[in-house]
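A.B. asks: sequence first, predicted model second:
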Amino acid sequence: MQNNETKEKLLYATDTYYIKYKFKKLNYLLIECNYISEIAKENIQNNTINKSRYTRLLESHLSLENLINFLKANDLSNTKKIVICHLSDQNSNEQQMLESIYNVTRIETIAARPNMNIKLELYPF
C-alpha cells in the first residue's frame, strides 16, 4: 500500500505462514507475528493446545522464526517502524518477539493494541 501524497509504503500482512515476495523501500510494516515455534511445541506436548489447532497454527500463521527470515531477506534500509500484530494468546511471548525482531533489524518494533493509532510519517519532514 502506498500513500500517493507522501510516497510512503506500508506492508500489511497477516494470516500467512510464509511471505515469498521481497519488497523494496518499505517505510512501515504492520505484520503478523503469531507464535514462537518453541512455545507452540511445548504447548502441544503439555496438551495446552490440541493437535488440530497446532496443525492449523503451523499452516496458516506467521511464526517469529519465519518473520525474522522474511525481514532478513528484504531491504529494510528505508523502514522506520515495524508493528507486529495477531499475537497468539497461548503460543507467543510479546517481549521476546519484540526483542528478537529489534536485535535482527535495529528498527523500532512495537506490538499493536486495540484502538491503537500509529502515526506514519517519514523523517525528516
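C.D. replies: Nice, thanks for sending it over. Only a predicted model underlies this, so the values are computations on that prediction, with no experimental measurement involved.

A.B. asks: what is the subsequent helix or strand relative to the helix ranked longest in the chain?
C.D. replies: Criterion DSSP state H: the longest helix present in the chain is helix 94-105. Sequence order places strand 109-111 as the next helix or strand after helix 94-105, per DSSP states H and E.

A.B. asks: what helices or strands is that next one leaning on?
C.D. replies: strand 81-85, helix 94-105 (3 or more C-beta pairs under 8 Å, 6 or more residues apart in numbering; DSSP states H and E). C-beta: built from backbone N, CA, C; applies to glycine.

A.B. asks: please identify the deepest-packed of these.
C.D. replies: Among these, ranked by average contacts under mean count of other C-beta atoms under 10 Å, first place goes to strand 81-85 (a mean of 20).

A.B. asks: parallel or antiparallel, list what pairs with that strand.
C.D. replies: Here strand 81-85 is paired, per DSSP bridges, with strand 28-32 (parallel), strand 109-111 (parallel).

A.B. asks: mind checking pLDDT for residue 3?
C.D. replies: pLDDT recorded at residue 3 is 64.

A.B. asks: er, residue 117 actually
C.D. replies: 87.

A.B. asks: mind checking the SS state of it?
C.D. replies: Classification of residue 117 by DSSP: H, G, I helix; E, B strand; the rest coil places it in coil.

A.B. asks: from residue 10, how far out is it?
C.D. replies: Relative to residue 10, residue 117 is positioned 14 Å away (C-beta to C-beta, to the nearest Å).

A.B. asks: endpoint to endpoint, stretch 102-117 covers what distance?
C.D. replies: Across stretch 102-117, the terminal residues are separated by 21 Å (C-alpha to C-alpha, to the nearest Å).

A.B. asks: centre of the chain to stretch 43-52, how far?
C.D. replies: Relative to its parent chain, stretch 43-52 has a centroid offset of 23 Å by C-alpha atoms, centre = their mean, to the nearest Å.
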